[in-house]
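[1] Next input, structure requested:
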Amino acid sequence: MIRYLLQGLIFGVAYVAPIGTQNLYLINIAIQKSKSKTYQVAIITIIFDISLAISSFFGIGFLIDRFSVLKEIILLLGSIVVIYIGIGLVRSKSSQIIENESADKSLIKTIFSCFAVTWFNPQAIIDGSLLLGGFRTSLSSEMSKYFIVGVCFASFMWFMFLATFVSRFRSKFSNILKWINIICGIILIFYGLKLGYSFIQLIR
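    Sure, this is the predicted structure:
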């Protein structure tokens, strides 16, 4: 049991740690907002990331790959939302850390943003399904549940660590916050445009 938990934990960290839309979004929140808001975003992100990992583990990527309409919808919505978030970061004029919670997004908007940066990426879903699904086929049904628990725990550990680390040292970033916003925003816009291009290629 411990062996498969550790395998899932190691795989989960390697899977979620590379810079992606979730990490960029959480880093930006951690730099600008209060710690309570940062942890709120981290927890919501963890919930959606775990839901994606579990869905990928059971092969939802193959379902998306099979039904092109579903894939087209996710690509289109993903492109629009991610570009919107990116533009918002680039246009941000803030150069200071915001401590006032009233300046934060509403909970509904926060939930939607966390959902968007996690689920509006069919390529990640398909890749995750191939990787996680591949591990699942190599494990017995009894041991597979320990593996996916390890993956889910890795998601919790990583995003809580990221939120804590960036919040702890965010004063180091305050003087360059605007440039961090711009860099993160440009990356997200590029990613959104990539999704949009994939959508155009798919409907041709």
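
[2] Contact partners for the residue nearest in space to the middle of the chain?
    Within the chain, the residue whose C-alpha comes closest to the C-alpha centroid is Gln22; the distance, by Cα atoms, centre = their mean, is 2.7 Å. When the contact criterion is Cβ atoms under 8 Å, 6 or more residues apart in numbering, the partners of Gln22 are 16, 45, 49, 114, 117-118, 159. Using the backbone N, CA and C atoms, a C-beta is placed for each residue, glycine as well.

[3] So which of the residues you listed wins on neighbours?
    Ranked by neighbour count (other Cβ atoms under 10 Å), the contacts of Gln22 have Thr45 at the top, with 29 neighbours.

[4] gap between that residue and Lys71?
    For Thr45, the distance to Lys71 under the criterion Cβ to Cβ, to the nearest Å works out to 23 Å.

[5] Ser129 now?
    Ser129 sits at a distance of 13 Å from Lys71 (criterion: Cβ to Cβ).

[6] Any idea how many residues pack against Gln201?
    A count of neighbours around Gln201, defined by other Cβ under 10 Å, yields 9.

[7] again with Ile125
    23.

[8] so where's the protein uncertain?
    Under the criterion pLDDT under 70, the flagged ranges of the chain are 18-19, 61-62, 64-65, 92-105, 122-123, 127, 130, 134, 137-138, 173-177.

[9] can you pull out the helices in the protein?
    According to DSSP state H, the chain carries its helices in the segments 2-16, 21-32, 35-57, 60-66, 68-91, 107-119, 122-138, 141-168, 177-203.

[10] quick revisit: taking the contacts of Gln22 as a set, which two sit the farthest apart in space?
    Pairwise distances among the contacts of Gln22 were taken by Cβ to Cβ; the largest, 14.0 Å, belongs to Val16 and Cys114.

[11] quick one on the thing from earlier: need the contacts of Gln22 in a markdown table with distance to Leu89, can you?
    Formatted as a markdown table, the entries for the contacts of Gln22 read as follows, by distance: Cβ to Cβ, whole Å:
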| residue | distance to Leu89 |
| --- | --- |
| Val16 | 21 |
| Thr45 | 16 |
| Asp49 | 21 |
| Cys114 | 15 |
| Val117 | 12 |
| Thr118 | 17 |
| Phe159 | 19 |
